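*Asks:* sequence plus the predicted model coming up.
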Amino acid sequence: MQRNNSFVEGDRIRIKKKRTDSGVVVYEGVVMPTATRNVVIKLDSGYNIGIRQENVEIEVIERGGRLKTEKEAKEGAEEGEETRKRKVKEGLPTLSILSTGGTIASKVDYRTGAVSPQFSTEDILEAIPELGQIANIKGKVIYSILSENMRAEYWRKLAAEVYTEIKNGAEGIIVTHGTDTMGYTAAALSFMVQTPVPVVLVGSQRSSDRPSSDAAMNTICAAKVACSDLAEVVVVMHGSTSDNFCLIHRGTKVRKMHTSARDAFQSINDTPIGKVIYDATDINKIRFEFFSAYTKRGENELELSDKLEDKCCLIKFYPGADPAILDFFVAQQGYKGIVLEGTGLGHVSAEWIPGVARAIKQGIPVVMTSQCLYGTICDRVYDTGRDLLRAGIIEGEDMLPETALVKLMWVLGQTSDMEEVRRLMRDEKI
Amino acid sequence: MKIDYHKIGLKAGLEIHQQLDTRTKLFCKCPTRLRDKKESTLSFKRYLRASKSEMGEVDKAALEEEKYSRMFIYKGYDSTCLVENDEQPPGELNREAIDISLEVALLLNMNPVDEIHTMRKIVIDGSNTCGFQRTALIAMGGEIETEEGGVGVDSLSLEEDAAQKIETEGEDDAYAVVYSLDRLGIPLVEIGTAPDIRTVEQARKAAEHLGMILRSTGKVKRGLGTIRQDINISIEGGARVELKGVQNLRLIGKIVENEVIRQTKLIELREELKRRGAKVESPIEDLSSVFERTASNVIKEAGGEVSGVCLRGFSGILGTELQPERRFGSELADFANKYGVGLMHTDELPAYGITAEEVEQMKRTFDATEADCVVIVAAERERAEKALKAVLSRAEEAMRGVPKETRRALPNGSSAYMRPLPGASRMYPETDVPPVEIDEQRLKQIKSKLPETFEHRKGRYREKFGLNDELADKISRNSNFGLFERIMESYENIPATLVVRTLTDTLAELMQEGEGIEVENLEDRHFMELFKLLSANTFGKEAVPDILKFLARNPVMSVDKAVEEIGLRVNMEEVERVIDNIVNAKKGFIRDKGARAVGPLMGIVMKELRGKVDGKMINKILEEKVKKVLEGS
């Protein structure tokens, strides 16, 4: 056996392999990155194959033509502000696209063999030229991360960027985002930014490196919404499995309800604000249909209140759950706010109630939401509920557990007064 | 036209697609069965866009498709899932399908790869919901033998079958193609041979041979549409052209011949254009004013807008026939058709209600001379421009000779342009499907269970059925060998020679006869019943070709019924009567010749009863009756 490490990705190599049945077999191709232990080459036919490095002789035929490494690609994407060099079109509004990564902007990661976020805003514009007909686009890469890697600190930075863009004259904001935690970010921006212009979050459920990707249609519809008179933080995503319309969801009411389908995003305990009826052949024929009232462009002053209390957590109760879980967060980890995802109308087992009471007594608000997702919390019906109310629990009404968590972070960023927290948490206008 | 294929340097390669008979689809747990389209429970609409491949290049074929992006409608069933809908990532490669592919690869003496990588092959005609076909190279470097020499087997890939196009909905630009999702994801192997084929006969033999090997595994689907052939053809000085959708082997000869003629003619056209100093640098002129008061319905119906280009030195070229019912003008028209418009040109005008005066005005716009050709389309400006640009670019190709392209085989053996030849850049890794390493153990296991080789089978047939070397060879290489064995094991009194001749020569002859005889319609059950009835002396073996011919035309009919319909059923009384009549009429002759009269009389009786009764039986009856006459005298 001969080991030969003298080739690198992108080199053209010839592999001579001794096989038991057929003697020496020769393979020729370009070395591809791989996550397996075998040499992977791309043949001239376009196929990749893997060859075990046993009984092989490898010869480099042609050097160079190195493929872009993941690092280089990332550097390219992280160059920061990349305004597209195109003439500003008179009469078109100016939109800022803030890119945070996720499937809407992704490419093959050769090391892990999986899809990962890598494209810059520039790549998005190149992939969806229609955006140039809708608005003058200004792009900026804020992060290049998968949305499961999002955190409160990133929400703050994003909110500040949104604020700055609007202040600098953007007439609408599009935030491209991974779908996994887009609901959380939408809620966070809803609380942190009071906006006079549309702030639209958009993502895709099928990666943009495939012809069937929903990225293009979602982004085109998002751009249309960003140019509209709807001045709220919203999520715009496919409304059905067909490429026929997108739904506009209020940022605090939206949840990803399917792991992979295009129409994963749904408004919970609310109807969507409206829908965008898509037309692939002519973007000028794309139109809106609204289902409910909304805040109009310019009604609100631009305002940023980006303080968040990061030390809040969301605990899901399950039958038999150990009450020590709650104590762990309160006593050992020093959490400042707790959201419970209880059963049914908003319950945890009787064993938990003393712990809840202790936490509240210590000035740590505990908010109850339901794992049913649909419906409103009502703790006056059963004994456990009444006990929880007596302990001082804050009923999260029909808030999504995730929205309640983000709201609690934000509220605690504004005040630590328990009564004020209670009032703000139950104020539906916020 | 008699073609010397060696002289013109024919190089052809085959690509065979065969569905595998697996329990589930290639990337999900759905069954691999086709559905009645009326049972569809779901319908949704999608668009596709070309995307960058891993090297950052957009595939040429994919790009061209996107230019006429249209809507696709998909029909789902209770036997399809989110994977077919492109709403869920694919599962891992189906192990059963890998094993069958490896088995076929080993039978073709190929080298399996050590690690299988699933690729995405961009296809944006809508036949795959995700916009690519998943395909994985399983093995390379095999060879098969034909009487005219070896043919290399370059590659064997395992891929998912595409959705089936059912119909189109709507009109003109807005039309949508409707696809059924039941077929999408059924595993198939694609076997590609090297361009080692040099004659039509060799192409047919190689295709038959591959088909036989596939079927010998017993793990491939049978029946209409389960096997499809493409053929790559080039001649000296021509270019590689891929012909898709060759419906049956019988057409291969005609298709090769017609493509060779087309390429030869295109090479001649290039020389002619060179000699003339032809030029393709034309502005696209608006000719609507020429037709303001036209009587042409074609133009009036299209809204009166007409655009045109001038091909300098192309006079007469568009009318040149390249293939049966296909002129060079048809090639240009294929390109215009992609934009939903037809074209007209001065080689064929005046016609379609366009007057000689209008033609003159058209020509004047371009200062065209007798040597030039003006091509026009009647459509709104934007569409006309796209179509004429495509026409110009195809005309330019003509100055270089034969363009590399993918063509669609037509039922008459001609072909039409389909799309450019796809390049390697349309392939990129399917990252949702992990690579699969093939270890020696797995290969060893498959090797130990390979189906019988020809040589072994041939020896067995010689011994067991007493076949001579030629016939044993013939049937052991034939895809119907399994059927042959079943017939021999099921029925008595059937000579092996007859079964072999029927399954090979007779079928080949019927195929040659052509015209309305679809030999593909004949199924195993037809042959089983045929020999069952034959074994019971229901009719004579001479009738076999006629019965098969009839069944090929009426495949739903039972053999029994077919025999009835053709009027072949033996009525022994009638046979006796016929023989009696002849014997009675020839009494003198019999008395003269004695027992030797049987021979000549046999001829007369057979002529009368042709096919209805086995010759041996007639001989027996006749002998008895002759004997009686002689005894009575």
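*Replies:* Here it is on my side, so go on. These numbers were taken from a predicted model, which means no experiment stands behind them.

*Asks:* for whichever residue of the stretch 1-150 of chain A sits closest to chain B, give me the pLDDT.
*Replies:* Residue nearest to chain B within the stretch 1-150 of chain A: A:Gly50 (2.5 Å; CB to the nearest CB). Any C-beta I mention is one placed from the backbone N, CA and C, and that applies to glycine too. pLDDT, A:Gly50: 96.

*Asks:* got the contact list for it?
*Replies:* Listed by CB atoms under 8 Å, 6 or more residues apart in numbering or on different chains, the contact set of A:Gly50 reads A:34, A:36, A:38-40, B:113-117, B:435, B:437.

*Asks:* can you select the buried ones among those residues for me in ChimeraX?
*Replies:* Buried residues among the contacts of A:Gly50 (16 or more other CB atoms under 10 Å in any protein chain shown), as a ChimeraX selection:
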select /A:34,36,38,39,40 /B:113,114,115,116,117,435
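
*Asks:* elements contacting the strand or helix carrying B:Leu137?
*Replies:* For B:Leu137, the host element (DSSP states H and E) is strand B:132-146. Judged by 3 or more CB pairs under 8 Å, 6 or more residues apart in numbering or on different chains; DSSP states H and E, the packing partners of strand B:132-146 are strand A:23-32, helix B:95-107, strand B:111-112, strand B:115-116, strand B:118-122, strand B:149-160, strand B:187-193, helix B:200-216.

*Asks:* buried ones in it?
*Replies:* For strand B:132-146, using 16+ other CB under 10 Å, the buried residues are B:132-142, B:144, B:146.

*Asks:* got any ranges where the chain has weak pLDDT?
*Replies:* Looking at chain A here, since you left the chain open. A:1-5, A:64-88, A:102-122, A:124 (pLDDT under 70).

*Asks:* ah, I was thinking of chain B
*Replies:* Using pLDDT under 70, chain B drops low at B:1, B:50-70, B:171-174, B:422-426, B:514-516, B:568-570, B:610-612, B:633.

*Asks:* what angle do helix B:200-216 and the longest helix along it make with each other?
*Replies:* The residue-count maximum for a helix in chain B (DSSP state H) belongs to helix B:249-276. Relative orientation of helix B:249-276 versus helix B:200-216 (axes from the mean of the first three to the mean of the last three CA atoms, to 10 degrees): 140 degrees.

*Asks:* pull the distance from the strand holding B:Leu137 to the chain's centre.
*Replies:* Computed by CA atoms, centre = their mean, to the nearest Å, the chain-centroid distance of strand B:132-146 equals 19 Å.

*Asks:* next: stretch A:131-142.
*Replies:* That offset, for stretch A:131-142, works out to 19 Å (CA atoms, centre = their mean).

*Asks:* please point out which parts of it sit buried.
*Replies:* A:131, A:134-142.

*Asks:* give the partner strands of the strand holding B:Leu137 in its sheet and their orientations.
*Replies:* strand B:111-112 (antiparallel), strand B:118-122 (antiparallel), strand B:149-160 (antiparallel) (DSSP bridges).

*Asks:* phi, psi of the residue of the stretch 1-150 of chain A closest to chain B?
*Replies:* phi -110, psi 140 (degrees, to the nearest 10).

*Asks:* counting contacts, what elements does the helix or strand that the longest helix of chain B is followed by pack onto?
*Replies:* Remark: after helix B:249-276, the chain's next helix or strand is strand B:285-286, criterion DSSP H and E. For strand B:285-286, the packing partners by 3+ CB pairs under 8 Å, 6+ apart come out as strand B:306-311.

*Asks:* by contact count, what packs against whichever helix or strand comes after the strand it packs on?
*Replies:* The helix or strand immediately downstream of strand B:306-311 is strand B:321-323, counting by DSSP H and E. Packing partners of strand B:321-323 (3+ CB pairs under 8 Å, 6+ apart): helix B:249-276, helix B:328-337.

*Asks:* any idea how far strand B:321-323 is from the chain center?
*Replies:* 21 Å.

*Asks:* domain parsing for chain A?
*Replies:* Structural domains annotated on chain A: A:4-62, A:78-304, A:312-426, as defined by automatic domain parsing.

*Asks:* deepest in the core, which of those is it.
*Replies:* With neighbours taken as mean count of other CB atoms under 10 Å in any protein chain shown, the domains of chain A reach their highest mean count in domain A:78-304, at a mean of 20.

*Asks:* list the residues that contact B:Lys37.
*Replies:* B:75, B:166, B:180.

*Asks:* quick one, phi psi at the closest residue to chain B within the stretch 201-350 of chain A?
*Replies:* Proximity of the stretch 201-350 of chain A to chain B (CB to the nearest CB) peaks at A:Pro211, 2.5 Å away. When read as degrees, to the nearest 10, the backbone of A:Pro211 gives phi -60, psi -20.

*Asks:* sorry, back to before: B:Val246: which of the domains of chain A is closest?
*Replies:* domain A:4-62 (21.4 Å; CB to CB).

*Asks:* residues in contact with the closest residue to chain B within the stretch 301-430 of chain A?
*Replies:* Per CB to the nearest CB, A:Leu373 is where the stretch 301-430 of chain A lies closest to chain B, at 21.5 Å. The contact partners of A:Leu373, by CB under 8 Å, 6+ apart, come to A:255, A:268-269, A:400-401.

*Asks:* still on that earlier bit, tilt between the longest helix of chain B and helix B:328-337?
*Replies:* Going by the same axes, to 10 degrees, helix B:249-276 makes 100 degrees with helix B:328-337.
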